[in-house]
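# make a model of this:
(2 chains)
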2 protein chains.
Amino acid sequence: MERLPGFRDFYPEPLPHQDVWSADLRNYIFDTWRNVARRYGFREYDGPPLEALELYTTKSGDEIVGQLYNFTDKGDRAVALRPEMTPTLARMVAAHARNYKKPIKWFAIPQLFRYERQQKGRLREHFQFNADIFGESDPSADAELIALLIDSLRALKLTADDFVIRLGSRNAWHEFFERGTRNAERGTQTPDPRPQPPDPRPQPPAARPQPPDAAEYEFYQIIDKLEREDATKSDAKLKALGFSLDGVKEFIAAAKPTAELEVILKNLSARGLGDFVKIDYNVIRGLAYYTGPVFEAFDKKGELRAIAGGGRYDNLVKLISGGKVELPGLGFGMGDVVLTELLKERGLLPPFDAGLDAFCLIEDEALRAASLKLIHDLRAAGLAVDYPLTPAKPDKQFKRAVELGSARTLRLERGATGEVQVRQKNLKTREEKVVPLTDVNSLLSATSGRAGGFP
Amino acid sequence: MERLPGFRDFYPEPLPHQDVWSADLRNYIFDTWRNVARRYGFREYDGPPLEALELYTTKSGDEIVGQLYNFTDKGDRAVALRPEMTPTLARMVAAHARNYKKPIKWFAIPQLFRYERQQKGRLREHFQFNADIFGESDPSADAELIALLIDSLRALKLTADDFVIRLGSRNAWHEFFERGTRNAERGTQTPDPRPQPPDPRPQPPAARPQPPDAAEYEFYQIIDKLEREDATKSDAKLKALGFSLDGVKEFIAAAKPTAELEVILKNLSARGLGDFVKIDYNVIRGLAYYTGPVFEAFDKKGELRAIAGGGRYDNLVKLISGGKVELPGLGFGMGDVVLTELLKERGLLPPFDAGLDAFCLIEDEALRAASLKLIHDLRAAGLAVDYPLTPAKPDKQFKRAVELGSARTLRLERGATGEVQVRQKNLKTREEKVVPLTDVNSLLSATSGRAGGFP
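Residues are numbered from 1 along each chain as shown, chains lettered A, B, ... in the order given. Below you'll find the model as predicted:
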């Protein structure tokens, strides 16, 4: 019996087969994400992996259904395995926003699911680090979120040589689109990419723009695909909307930061993170709900898909709550799959083993009961200890201790006057010590030395 | 938009509503499970939450489908959300058993799903701590597993006054059933519960019995329901199989441990865990695949459903692998829902907050950039630090620091000669200290004191 295509089994290391994933590596990534989020004052939440289908169609339209694991449950409900976390989060925040002081800073590590036509090696699930801030429309919140993203990657030992955050702006593109549309109305086909004099007509507020209409959203989709799609094709699509590829490219090349992007850059520089960010209007994000700054983390060699992406979505809570709750929001998602590829490629994975502090050899079966007591006391004191469950030859036991990567061996033995004592051997230094069995505390200090010490 | 019935949202504390669950409490339980498993030398694994439906029908028969979240995916595969972890684990172990040294000691904390007819408060998902051992048929493995279960509960501050492990044996009931069937063949209706002289006919080996036949499995189901079902009904069912309730009750009351149960009890007593276990043949476990010792953890007041349950299943890997791999196995599962009820009832939940080491007040906006740099350095050193994202009144900032339960506040200020210094205030002792901004290391030691200290 086999697992479903596109799903992963996670095994303890050393891995038995190249086709499986490392549970230890996954935990290392999860622990790092959790630890950095905690340092930033983000709190963990979680929601159901199964939600009403409507939660996704409301946000993304019916076309998303083709990519979902959706079905009808035994209670005749249209349901889907979550393809992303943001709708669940918006639902949760909308339900209880008033009970939390703002800003709300939350994170989660959900497993997400997409049914895509099977391609070789293409997965149908992944885990994603999601961090979000609600209740703050100032770009200082965007800076805090991007700093968390940068430090999450740095905590995995990636540097400014390995990755960069490309920072764009839906607002900048919104203005570009509006200008182009107005120019088209006046008979000019391509908007002028050079800075424009202020438009005397009343402008929509820069913050919290409304969701884009169909033409604007189509325009965003073309920009989003620009780096992947054939230039002639992009140009034709842009022309149909009254724009041109040249005009768009000139606007991207100018890369004039908006006022809010300036705030973000300055804020990140104050933290010493300026080297990790650059303005890049190629980044616009495909999803419909973004409203302000948007960003993606890329490996600098440009060989992999985006490592992470996010941005501001000031209308989503309102949309999901049916207009009941208005709350600005922003967030990012970072998947475990591209990240794992990057860490592997850069040789940044630490070695993993069982993390045993001690392996207790039982060579004299008359001392098994006393050994079990010692093992239990050491475990109760916080040490990771293993031992042979059944009688085995001494050399086989010792081999097992080495295979498990134990820091040391312990062995009960009879001393000169018949009293039971513990012989401990450091498997790295080969150093041996003998301590009385009666004094577990002295044993704890004698056996200390493994990274992290003892509690 | 609402979550699906029977699913849970997990929020950070303080909880906004009685209808939601605590993400902090969930993490506390998960961390405890992981920590104890690590001390026992168990390694973490995980598998897909979605599996081929066949994986469950093979093990449990087609009747299980009525309780599953099952559907047909877009590739026409019959699939199901996992209702338990053991089939996935058996599949994973069967696939790569030869690559791991035995015994294999593994654990996981999967989310599991069952579609049951909706009852008030009845959940359709829960998380379950699963620990299993493969490759060791000696009852010393059963003792190691039960010790892990006991210590997992003890690590949550539960004592021998709170819970007990009731230990039964499929082998004991198998012998009882065989004896009864043989007596019935000889014309005696009820088996004699007293110890029997050895049967001269060849006996099946005590270890690795074959899966029970239909009548025997039905008999086990009756025993499993004995404590919940009407006595007259149980008696009638038993009589139909050639047994009687009196005979069964006498056998349970005698509670003679089998040889393997004796080994388990002795082993646990050597560890100092004897008080946590008692022989109780009422425990037989409902699932078909158990073959040897079986056990359940109960709260001593007997108010809740079982906290955990498990046992030996020496034939399951063979069954799941289609006969290709033979490997004895045993394991237990402990759900988070009953456990949470028990911890709440016993008042054993620690308080939860954001765990902030410091909240940085920014009263002088001219010092915001310098504050951001300090915050970043402290976070990089491992501290959890928060701050006001935007300008706010000093009293509002301080109130926020208190609400978040921060251990202390930090504030940049100008000293007598204009140099920037850091004033730190311990929010518990109200003690204040001033250190130079230039010396983050001295600040780190000056601010130390929160539980756990600094890295």
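# which SS class is the most centrally placed residue in chain A?
When C-alpha atoms, centre = their mean is applied to chain A, the residue found nearest the centroid is residue A:129 (2.7 Å). When the structure is split into helix, strand and coil by DSSP: H, G, I helix; E, B strand; the rest coil, residue A:129 lands in strand.
# quick one: residue A:254 from chain B, how far?
Between residue A:254 and chain B the distance, using C-beta to the nearest C-beta, to the nearest Å, works out to 27 Å. The C-beta positions use only the backbone N, C-alpha and C, and glycine is treated the same way.
# before we move on, back to that, look up how far residue A:44 lies from the residue nearest to the centre of chain A.
With distances taken as C-beta to C-beta, to the nearest Å, residue A:129 is found 11 Å from residue A:44.
# what do those two both touch?
Counting by C-beta atoms under 8 Å, 6 or more residues apart in numbering or on different chains, the residues touching both residue A:129 and residue A:44 are A:37, A:107, A:109.
# what's around the last one, how many residues?
Residue neighbour count, defined by other C-beta atoms under 10 Å in any protein chain shown, stands at 20 for residue A:109.
# touching, it and residue A:30? I think so.
Yes - the criterion here is C-beta atoms under 8 Å, and residue A:109 meets it with residue A:30 at 5.7 Å.
# overlap in contacts, these two.
The contact lists of residue A:109 and residue A:30 share residue A:127, where a contact means C-beta under 8 Å, 6+ apart.
# ok, the residue lying closest to residue A:307 once chain neighbours are set aside - contacts?
Spatial nearest neighbour of residue A:307, excluding adjacent residues (C-beta to C-beta, 6 or more residues apart in numbering or on different chains): residue A:297 at 4.3 Å. The neighbours of residue A:297, taking C-beta under 8 Å, 6+ apart as the test, are A:149-150, A:153, A:163-166, A:306-309, A:334.
# wait, a strand at residue A:297?
Yes - applying three-state DSSP, one finds residue A:297 inside a strand.
# who does it form a beta bridge with?
Going by DSSP bridges, residue A:297 is paired in beta bridges with residue A:165, residue A:308.
# one step back: in helices, which of the shared contacts of residue A:129 and residue A:44 appear?
When the shared contacts of residue A:129 and residue A:44 are checked against helices (DSSP state H), the matches are residue A:37.
# nearest to residue A:175 among the shared contacts of residue A:129 and residue A:44?
Using C-beta to C-beta, the shortest approach to residue A:175 within these belongs to residue A:107, at 31.9 Å.
# and the pLDDT at that closest one?
As summarised for this prediction, residue A:107 has a pLDDT of 98.
# can I assume it is in contact with residue A:129?
Yes - A contact is recorded between residue A:107 and residue A:129 when judged using C-beta under 8 Å, the distance being 6.9 Å.
# common neighbours of the two, please.
Counting by C-beta under 8 Å, 6+ apart, the residues touching both residue A:107 and residue A:129 are A:33, A:37.
# tell me the spacing between the closest residue in space to residue A:420 that isn't next to it in sequence and residue A:153.
Excluding its sequence neighbours, the residue lying closest to residue A:420 (C-beta to C-beta, 6+ apart) is residue A:437, at 4.5 Å. Note on residue A:437: its distance to residue A:153, by C-beta to C-beta, is 48 Å.
# with neighbour numbers in mind, choose between these two.
For residue A:437 versus residue A:153, the count of surrounding residues by other C-beta under 10 Å is larger for residue A:153: 25 against 19.
# that one: what secondary structure?
Secondary structure for residue A:153, judged by three-state DSSP, is helix.
# quick one, what contacts it?
Residue A:153 sits in contact with A:162-163, A:297, A:307-308, where contact means C-beta under 8 Å, 6+ apart.
# now do 6 Å
Contacts for residue A:153 (C-beta atoms under 6 Å, 6 or more residues apart in numbering or on different chains) come out as residue A:163.
# okay, buried residues for the helix or strand hosting residue A:278 please.
For residue A:278, the host element (DSSP states H and E) is strand A:277-279. Burial within strand A:277-279, assessed by neighbour count using 16 or more other C-beta atoms under 10 Å in any protein chain shown, is assigned to A:277, A:279.
# go on, stretch A:338-358?
So for stretch A:338-358, counting by 16+ other C-beta under 10 Å, buried means A:338-340, A:342-343, A:346, A:349, A:352, A:354-358.
# CA atoms of that stretch as PDB?
Presented in PDB, the C-alpha positions along stretch A:338-358 are these (Å, rounded to 0.1, in the frame of the first residue of the first chain):
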ATOM      1  CA  VAL A 338      11.600  25.700  -1.500                       C
ATOM      2  CA  LEU A 339      13.200  26.600   1.700                       C
ATOM      3  CA  THR A 340      14.500  23.000   2.200                       C
ATOM      4  CA  GLU A 341      15.900  23.000  -1.300                       C
ATOM      5  CA  LEU A 342      17.700  26.200  -0.700                       C
ATOM      6  CA  LEU A 343      19.200  25.100   2.700                       C
ATOM      7  CA  LYS A 344      20.300  21.800   1.100                       C
ATOM      8  CA  GLU A 345      21.900  23.500  -1.800                       C
ATOM      9  CA  ARG A 346      23.800  25.900   0.400                       C
ATOM     10  CA  GLY A 347      24.900  23.100   2.700                       C
ATOM     11  CA  LEU A 348      23.200  24.700   5.700                       C
ATOM     12  CA  LEU A 349      21.600  21.700   7.300                       C
ATOM     13  CA  PRO A 350      22.900  20.700  10.700                       C
ATOM     14  CA  PRO A 351      23.400  16.900  11.400                       C
ATOM     15  CA  PHE A 352      20.500  15.200  13.100                       C
ATOM     16  CA  ASP A 353      20.400  12.300  15.500                       C
ATOM     17  CA  ALA A 354      18.400  11.000  18.400                       C
ATOM     18  CA  GLY A 355      20.000  13.600  20.700                       C
ATOM     19  CA  LEU A 356      20.800  10.900  23.300                       C
ATOM     20  CA  ASP A 357      22.600  12.100  26.400                       C
ATOM     21  CA  ALA A 358      23.400   8.600  27.500                       C
END
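# what's next to that stretch, contact-wise?
Counting by C-beta under 6 Å, 6+ apart, stretch A:338-358 makes contact with A:13, A:24, A:157, A:299, A:304-305, A:307, A:383-386, A:404-408, A:410, A:450, B:41, B:43, all of which sit outside it.
# hmm, which of these are the buried ones?
Of the contacts of stretch A:338-358, these count as buried by 16+ other C-beta under 10 Å: A:13, A:24, A:299, A:307, A:383-386, A:404-408, A:410, A:450, B:41, B:43.
# so which of those are in strands?
Judged by DSSP state E, the subset of the buried ones among the contacts of stretch A:338-358 located in strands is A:299, A:385-386, A:408, A:410, B:43.
# can you redo those residues as a markdown table with pLDDT and distance to residue A:319?
What follows is those, written out as a markdown table (pLDDT from 0 to 100; distance: C-beta to C-beta, whole Å):
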| residue | pLDDT | distance to residue A:319 |
| --- | --- | --- |
| A:299 | 94 | 33 |
| A:385 | 97 | 54 |
| A:386 | 98 | 53 |
| A:408 | 94 | 59 |
| A:410 | 96 | 61 |
| B:43 | 97 | 44 |
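# of those residues, which pair is most distant in space?
A:299 and A:410 (45.4 Å).
# what about the strands in the stretch 1-150 of chain A?
A:10-11, A:21-22, A:43-44, A:50-52, A:70-72, A:78-81, A:104-108, A:111-113, A:125-134 (DSSP state E, counting those that start in this stretch).
# return the member of the ones you listed having the minimum mean pLDDT.
Here those differ in mean pLDDT, and the lowest is strand A:70-72 at a mean of 93.
# can it be found next to chain B?
Yes - if you take C-beta under 6 Å from any C-beta of the partner chain as the test, strand A:70-72 does meet chain B, through residue A:71.
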